[in-house]
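J.: Here is a sequence with its predicted model. Questions after.
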Amino acid sequence: MKFESFSFAPEILRAIAECGYQVMTPIQRQAIPAIRRGHDVLASAQTGTGKTAAFALPILQKMIEQPKTVLASNTRTLILTPTRELAAQVADNIQAYGKYMNINVLTIYGGVKMDSQAVKLKRGADVIVATPGRLLEHILACNLSLSHVDFLVLDEADRMLDMGFSADIAKIMQAVNKNRQNLLFSATFSSAVKKLANDMMDKPKLIAVNDQNSTADTISQVVYPVEQRRKRELLSELIGTKNWHKVLVFSATREDTDNLVKELILDGIPAAVVHGEKGQGSRRRALREFMEGKVRVLVSTEVAARGLDIPDLEYVVNYDLPFLAEDYVHRIGRTGRAGKSGVAISFVSREEERTLADIEKLIGQKIRRISVPGYEVSNRELLLKQIQKRRSFAKNKQRDDNASAQMIAEKSMTGRRVTVGKSKDGVKYKKIK
């Protein structure tokens with residue numbers, strides 16, 4: 001189905017044609033009609049399936065059909081996102097879609113001086129894309145009123161809740177005009193997301209394009225078993241021998257990302273880093289150089305990379321597996337987008353085998369394993385048995401420790417001696433003398 005089928009205004013059709021959009025994605029085909037009809041929408045779809053256009057295009061169309069003058073310190077459309085990177089990208093997309101419309105799009109997030117944002121807010125904006133924390137600061141400072149919001153969008157709602165924004169969102173909900181259209185987009189329908197939808201929505205249309213926790217068919221997934229201490233060495237070897245370009249690497253901590261980038265550069269591989277302690281300018285520069293091909297590898301933490309839209313990203317590498325199995329789906333969703341193919345590579349140490357088993361159970365498939373000569377690790381099945389054995393031993397030890405503590409307590413209370421032993425038939429007993 002093409003965009004012309006939904007009778008968008010000529011200004012919008014012209015703009016999206018210049019963006020290269022031709023055929024609608026499944027989420028766009030289902031969400032756009034519902035939003036155009038004025039329904040609240042609760043939608044779930046994999047990352048990279050065109051969610052931004054799914055909510056932005058019908059909103060822009062309704063703004064054309066129902067023109068209003070934006071009041072000072074107000075906005076018609078409020079879009080909340082979990083990270084500043086995603087906020088910037090959503091704003092860029094909306095500006096591209098509204099290129100031939102007279103609209104003002106404003107981004108509000110941390111890392112930028114409040115005063116400069118306050119000046120822009122007081123002029124009013126047709127669309128505001130913001131992170132919850134900074135937006136709430138402006139509301140409390142009386143720099144912004146949400147009394148005239150017609151459209152409220154929560155993008156990546158599950159991630160916002162995971163990042164601890166639930167209290168901020170609740171306060172923002174209290175300030176927003178009650179007579180509004182609500183659109184909530186999430187990668188998963190967790191219990192927290194469902195509760196949020198129930199609190200803010202009125203009989204929403206439920207749209208679920210893909211099975212929960214499924215991975216895109218366009219992504220080829222592989223696992224490389226490797227010792228933790230040799231992961232960096234293996235990464236450099238694979239990038240060099242296989243001539244990988246545009247590689248997004250997920251590492252566990254900020255310190256690890258910094259160290260990994262230093263080592264890659266020493267190996268002659270241009271690399272850059274993105275994490276929360278980097279300034280906004282530094283993060284934008286790293287992303288721009290990566291997208292322009294000036295660096296081959298972008299190393300990031302989980303939160304910093306959430307929402308990044310990198311066109312034609314070829315490889316995603318889980319240098320460290322995520323703490324939560326669900327985050328694996330989000331990570332590898334950076335590649336294989338818009339129908340293009342991509343490769344997701346995971347480095348798995350002996351200690352991470354249990355996490356890998358959880359991931360495979362979640363996505364409902366076994367991931368192909370590739371052993372590189374010289375980097376072999378212990379047998380997987382043997383390791384899993386060893387892990388189970390250690391867990392059983394720890395459980396039994398805890399039970400025995402609890403029993404010992406109880407006996408000590410009894411001795412303290414009674415002043416009598418407690419004797420523990422076994423009968424001839426092996427049954428444990430204790431005597432108090």
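T.: Good, I have the coordinates.

J.: and stretch 315-328, how far apart are its ends?
T.: End-to-end distance of stretch 315-328 (CA to CA, to the nearest Å): 14 Å.

J.: who touches that stretch?
T.: 188, 213, 231, 235, 244, 246-252, 256, 260, 299, 302, 331-332, 334-335, 342-348, 352, 355-356, 358-359, 361-363 (CB atoms under 8 Å, 6 or more residues apart in numbering). Backbone N, C-alpha and C define where each C-beta goes, glycine included.

J.: how about it: buried residues?
T.: Within stretch 315-328, the residues that count as buried by 16 or more other CB atoms under 10 Å are 315-322, 325-328.

J.: do stretch 244-259 as well
T.: 244, 246-251, 254, 256-258.

J.: same thing with stretch 59-76?
T.: Neighbour-count burial for stretch 59-76 [16+ other CB under 10 Å]: 59-64, 70, 73-76.

J.: before we move on, what about stretch 114-133?
T.: In terms of neighbour count (16+ other CB under 10 Å), stretch 114-133 has its buried residues at 117-118, 121, 124-132.

J.: Repeat that for stretch 353-373.
T.: Within stretch 353-373, the residues scored as buried using 16+ other CB under 10 Å are 353, 355-356, 359-360, 362-363, 367.

J.: Correct me if wrong: Glu85 contacts Ala286.
T.: No - Glu85 lies out of contact with Ala286 (CB atoms under 8 Å); the separation is 10.7 Å.

J.: Can you list the low-confidence ranges for the protein?
T.: Where the chain drops to pLDDT under 70, the residues are 46-48, 210-216, 280, 303-309, 338-339, 378-391, 393-395, 397-398, 400-433.

J.: how about 50 then?
T.: For the chain, applying pLDDT under 50 flags the ranges 418.

J.: looking at this, Phe347 is in a helix?
T.: No - going by DSSP: H, G, I helix; E, B strand; the rest coil, the assignment for Phe347 is strand, not a helix.

J.: Count residues in the vicinity of the nearest residue to Pro311 once chain neighbours are set aside, would you?
T.: Nearest non-adjacent residue to Pro311, counting by CB to CB, 6 or more residues apart in numbering: Met291, 7.1 Å away. Met291 has 17 neighbouring residues, counting by other CB atoms under 10 Å.

J.: same check, this time on Ala170
T.: Other residues within reach of Ala170, judged by other CB under 10 Å, total 13.

J.: cool, the one 4 residues further on as well?
T.: Burial of Gln174 is recorded as 9 neighbouring residues (other CB under 10 Å).

J.: State whether it is indeed within a strand.
T.: No - according to three-state DSSP, Gln174 belongs to no strand; its state is helix.

J.: From Ser186, how far out is it?
T.: Look at Gln174 and Ser186: by CB to CB, to the nearest Å, they are 21 Å apart.

J.: Okay, and which of the contacts of stretch 315-328 map to helices?
T.: Applying DSSP state H to these, the entries found in helices are 231, 235, 256, 260, 302, 331-332, 355-356, 358-359, 361-363.
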